[in-house]
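>>> Sequence and computational prediction follow.
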Number of protein chains: 2
Amino acid sequence: MKRIAIDMDEVMADFTKKHLALFNADYNEAITLEDLQGKKLRDLRPHLVDEIREYLKDPTYFRDLDVMKDAQEVIKELSESFEIYIATAAMHFPSSFTAKYEWLQEHFPFLDDQHFVFCGDKSVIKADYLIDDNVYQLERFTGEGILFTAPHNIHEDRFIRVNSWANVRDYFLK
Amino acid sequence: MKRIAIDMDEVMADFTKKHLALFNADYNEAITLEDLQGKKLRDLRPHLVDEIREYLKDPTYFRDLDVMKDAQEVIKELSESFEIYIATAAMHFPSSFTAKYEWLQEHFPFLDDQHFVFCGDKSVIKADYLIDDNVYQLERFTGEGILFTAPHNIHEDRFIRVNSWANVRDYFLK
């Protein structure tokens, strides 16, 4: 059985929506996803890079993120034909460990927690595929990297791209 | 540069000494490391399996374990010739994440936290070597498994064995 490793933030979990909502509320801004095309929030507001990062140090930040559309159904379907591992870069925010674990247990109860990997650099992940929005990780991964579209990565063209979980289904199951 | 993945409990951290001390104190016992040759504590006291496991759910349990003799010096030396990753099976005790992270930062400040991996099944670890006391993990690992001697594994003979960090130094650096 081939193995698919799946990133969490911006792939399974809607990280950006919450981040943007908190930032806009606190700084009286109205930045949209459109404004983030090809960039990160810190690129738009470089003088607030520490403040932008600060939200993520809250141990509960990752606990209530929305699930990305169709992620549950498609990952459930994939789990019938592939070994599913979750590979999340958690070491930049060690306080996020528990929230990420509980979020996975709540929204993906059919996954085996022995297949959860909280890591840093994903070159250490042994899998056939990695679905990730982060080009840095796909560059290091030694299997086939699949880029999940996020605003910041729209100009990237070195990897197979999927725009949605429906796309992921088509790629692996059609 | 070749990559060595290293397990934490009973390899870097003296897990058993603390576990045994707590158990002996609470149950008025005098179980020694000698008694554990070829077994785990739960095999010796099967009617207390839940209680034996309960200690590990304390979020601070893993925070103050002693460092195994020579582990710091030898891992520092290895890090000059090998990529070092730490691969710990943390998913059975998710409350241990923070304590394990802080323990590594305290005792191994020269290691890169982007090379820490908190996982379940270590078949997902891509490395050339895995130093581990757990035969279950070495069976699954796809590189070269190196068994670090612990009381429970003394009858195992399928893997290269090291009895100490001095032995690890000899194996990799001589």
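Yep, that arrived. Keep in mind that what you see is a predicted model, and the values were worked out from it rather than measured.
>>> A:Q72 sits in which helix or strand?
Element membership for A:Q72 (DSSP states H and E) is helix A:71-78.
>>> does chain B sit close to the helix or strand that comes right after that helix?
Next helix or strand after helix A:71-78 toward the C-terminus (DSSP H and E): strand A:83-89. Yes - Strand A:83-89 is in contact with chain B by CB under 8 Å from any CB of the partner chain, via A:85, A:87. C-betas here are computed from N, CA, C, even on glycine.
>>> Strand partners (parallel or antiparallel) of strand A:83-89?
Strand A:83-89 pairs in its sheet with strand A:3-6 (parallel), strand A:116-119 (parallel), by DSSP bridges.
>>> For the helix holding A:Q72, buried residues please.
The neighbour-count check on helix A:71-78 (16 or more other CB atoms under 10 Å in any protein chain shown) flags A:71-72, A:74-75, A:77-78 as buried.
>>> Would you check how far apart the closest residue in space to A:P151 that isn't next to it in sequence and chain B are?
Using CB to CB, 6 or more residues apart in numbering or on different chains and skipping the chain neighbours, the partner closest in space to A:P151 is A:L36 (3.8 Å). A:L36 sits 25 Å away from chain B, going by CB to the nearest CB, to the nearest Å.
>>> isn't A:L36 right up against A:I154?
No - if you go by CB atoms under 8 Å, A:L36 and A:I154 don't touch, sitting 9.4 Å apart.
>>> what's the pLDDT at A:H92?
Among the per-residue scores, A:H92 holds a pLDDT of 89.
>>> Can you classify it as helix, strand or coil?
Following DSSP: H, G, I helix; E, B strand; the rest coil, A:H92 is assigned to coil.
>>> Could you give the backbone dihedrals for it?
Note on A:H92: backbone dihedrals following degrees, to the nearest 10 are phi -70, psi -20.
>>> For it, give me its contacts.
With contacts taken as CB atoms under 8 Å, 6 or more residues apart in numbering or on different chains, A:H92 has the following neighbours: A:56, A:120.
>>> where does chain A come near chain B, residue by residue?
A:3, A:5, A:85, A:87, A:90-91, A:94-95, A:97-98, A:101-102, A:112-121, A:123-127, A:142.
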